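*Asks:* heads up, no residue letters with this:
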C-alpha cells in the first residue's frame, strides 16, 4: 500500500532542489549581463553558479534513486487520462531538464576553456576541449534549456495550484511538509 | 672631436655584435610564451601571441649566454575575449602606457646536464625586478629548444589593482611557461 503523502526525504529533496534551481536561474540571468570590469565579483558569481549547478545535478540523481526506491503517492482517482499522461510527461521532462541544464552548462564551460572545479577544490574533468565556436552554440543550448525548464516549472506550479484551488484535492498538500492533507 | 665621437659610436655599435658568442635565430611561430592563472581555483591557460626574442647560446660556454625577450602586451590571450579586454586595462597590464614587457638576462649558469639557470631583470608595467628561472635545452633536428617554467607573483608588478588585488579570486601566483626554438644564425 502506497502512502498518501510524499516521504520526508522526497519533500526535502524536492524543495531543496526547487530553491536551488530558482536561485541559480536568477543568478545565471544576472551574472551573464555583468561586465568583467565590475571586478572579482563576476568570477565569484560564475563559480557559485557552477558549484550550485553541480550540486543540483548530483541531488537530482539522489532524487531519482529515492523515487525508484520509494514510489510516490498515487494520483487522485478523479484525474482523467489526459491529465495523468500530461502529469507523467511533464514530470519526466522536468527530471530530464534538471539534469540537462547543468550538463549543458558544464559542457559550455569546458568548450569556453574554463574547467569546473567544484567548490574550488575538486576539478571535474572536461569532456570537451576548448572550442570557442562550439562554446557559442552550447551557451545558447544552456540558456534555451534553462528557459524551457523555467516554462515547465511555471506549468508545474500552475497545475499544483489548479489541483489545490479548483480540484480541491491533496496533490499539492502531500508535498507540503507543514500542511496536513485534506480529508476527502 | 668630431672624429673621436664617430669612432666612439662605431665602437659602441660594434661591441654588442662582438660580445655575442653564438647568436641564434629564434623561430617565433614555433616558440611560445604562455602562462596559467588561477581563478577561483580554476587553472586558466593564457599566452602572448606576439613577442621578439634574441638568444645567444653556446652549450660549451653557457656562462656567456644572453637572452632578451620583448613581449607585446596587447597581444595577450588571457583565456577569453572578455578577459582579453579586461587585462589590457589599467588595473591589470595597462597596455596603453606600458606596451611591452621585457626580460634581459644578466647571468646564465649550468645546473646539470642540459639544465641551466638564467638570472635577469624582468620589466612589466614599468616595474623592473630581478628574476631567476631554470631552463633546459634539447636538440630537435638543427634547432635548439629552450624550455622552462617559473612562478611569478602578479602583485609584485601591480598586475591586478583595486578590487582585483584580492588573491582569493585570482591567485597571486602566475605560472609562466616559455619555449624558444632557435636555429643557427644564417
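*Replies:* The structure has been received and is ready for your questions. Values in this document were obtained by computation on a predicted structure and should not be read as measured data.

*Asks:* residues of chain B that sit close to chain A?
*Replies:* B:39-45, B:79-83, B:85-86, B:89, B:162-164, B:166, B:168-170 (C-beta under 8 Å from any C-beta of the partner chain). Quick note: C-beta positions are derived from backbone N, CA and C, even for glycine.

*Asks:* give the contact list for the residue minimising distance to the centre of chain A.
*Replies:* Central residue check for chain A by C-alpha atoms, centre = their mean: the C-alpha nearest the mean position is that of residue A:98, 3.7 Å away. Taking C-beta atoms under 8 Å, 6 or more residues apart in numbering or on different chains as the contact definition, residue A:98 lies against A:17, A:21, A:56-57, A:60, A:149.

*Asks:* that one: which element?
*Replies:* Assessed by DSSP states H and E, residue A:98 sits inside helix A:81-112.

*Asks:* picking that back up, strands - which of the residues of chain B next to chain A land there?
*Replies:* B:39, B:42-45 (DSSP state E).

*Asks:* can you say which of those residues are buried?
*Replies:* B:39, B:42, B:44-45 (16 or more other C-beta atoms under 10 Å in any protein chain shown).

*Asks:* checking the residue nearest to residue B:122 when sequence neighbours are not counted next. Helix, strand or coil?
*Replies:* With sequence-adjacent residues excluded and distances taken as C-beta to C-beta, 6 or more residues apart in numbering or on different chains, residue B:122 is closest to residue B:131, at 4.1 Å. Secondary structure, DSSP: H, G, I helix; E, B strand; the rest coil: residue B:131 is strand.

*Asks:* on that earlier part again, among the contacts of residue A:98, which are in reach of chain B?
*Replies:* Near chain B, by the rule C-beta under 8 Å from any C-beta, you find none of these.

*Asks:* now render these as TSV, adding pLDDT and neighbour count.
*Replies:* Output for the contacts of residue A:98, formatted as TSV (pLDDT from 0 to 100; neighbours: other C-beta atoms under 10 Å in any protein chain shown):
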residue	pLDDT	neighbour count
A:17	98	17
A:21	98	24
A:56	98	20
A:57	98	17
A:60	97	21
A:149	98	20
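
*Asks:* would you mark the buried spots in the helix or strand where residue A:153 lies?
*Replies:* For residue A:153, the element it lies in under DSSP H and E is helix A:132-161. With burial defined by 16+ other C-beta under 10 Å, the residues of helix A:132-161 counted as buried are A:134-135, A:138-139, A:141-143, A:145-146, A:149-150, A:152-153, A:156, A:159.

*Asks:* the residue nearest to residue B:122 reaches residue B:150, doesn't it?
*Replies:* Yes. Residue B:131 lies in contact with residue B:150 (C-beta atoms under 8 Å); the separation is 7.4 Å.

*Asks:* compare these two (neighbour count), which wins?
*Replies:* Per other C-beta atoms under 10 Å in any protein chain shown, whichever of residue B:131 and residue B:150 has more neighbours is residue B:131, with 20 against 16.

*Asks:* show me what the more buried one is bridged to.
*Replies:* Note on residue B:131: beta-bridge partners residue B:120, judged by DSSP bridges.

*Asks:* can you pull the contacts of it?
*Replies:* B:103, B:119-122, B:150, B:152.

*Asks:* again, but for residue B:135
*Replies:* Applying C-beta under 8 Å, 6+ apart, the residues near residue B:135 are B:115-118, B:146-148, B:178.

*Asks:* for chain A, give me the ranges with low pLDDT.
*Replies:* A:1-3, A:179-184 (pLDDT under 70).

*Asks:* quick revisit: now the contacts of residue A:98 in TSV, with distance to residue B:72 and secondary structure?
*Replies:* Output for the contacts of residue A:98, formatted as TSV (distance: C-beta to C-beta, whole Å; DSSP: H, G, I helix; E, B strand; the rest coil):
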residue	distance to residue B:72	secondary structure
A:17	49	helix
A:21	45	helix
A:56	43	helix
A:57	42	helix
A:60	48	helix
A:149	45	helix
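
*Asks:* related to what we said a few turns ago, just the buried members of the residues of chain B next to chain A?
*Replies:* B:39-42, B:44-45, B:79-80, B:83, B:86, B:164, B:169-170.

*Asks:* could I get the residues you listed in TSV, plus columns for pLDDT and distance to residue B:96?
*Replies:* Formatted as TSV, these follow (pLDDT from 0 to 100; distance: C-beta to C-beta, whole Å):
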residue	pLDDT	distance to residue B:96
B:39	95	24
B:40	95	28
B:41	94	31
B:42	95	28
B:44	96	24
B:45	95	25
B:79	93	21
B:80	93	21
B:83	95	17
B:86	96	14
B:164	96	17
B:169	95	24
B:170	97	21
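
*Asks:* okay, these in CSV with distance to residue B:54 next?
*Replies:* CSV is the format used below for those (distance: C-beta to C-beta, whole Å):
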residue, distance to residue B:54
B:39, 33
B:40, 38
B:41, 38
B:42, 35
B:44, 30
B:45, 26
B:79, 28
B:80, 32
B:83, 30
B:86, 31
B:164, 33
B:169, 37
B:170, 32
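
*Asks:* what two of the contacts of residue A:98 are the furthest from one another?
*Replies:* A:57 and A:149 (12.9 Å; C-beta to C-beta).

*Asks:* residue numbers of chain A in contact with chain B?
*Replies:* A:36-37, A:39-41, A:43-44, A:46-47, A:112-117, A:119-121, A:130, A:132.
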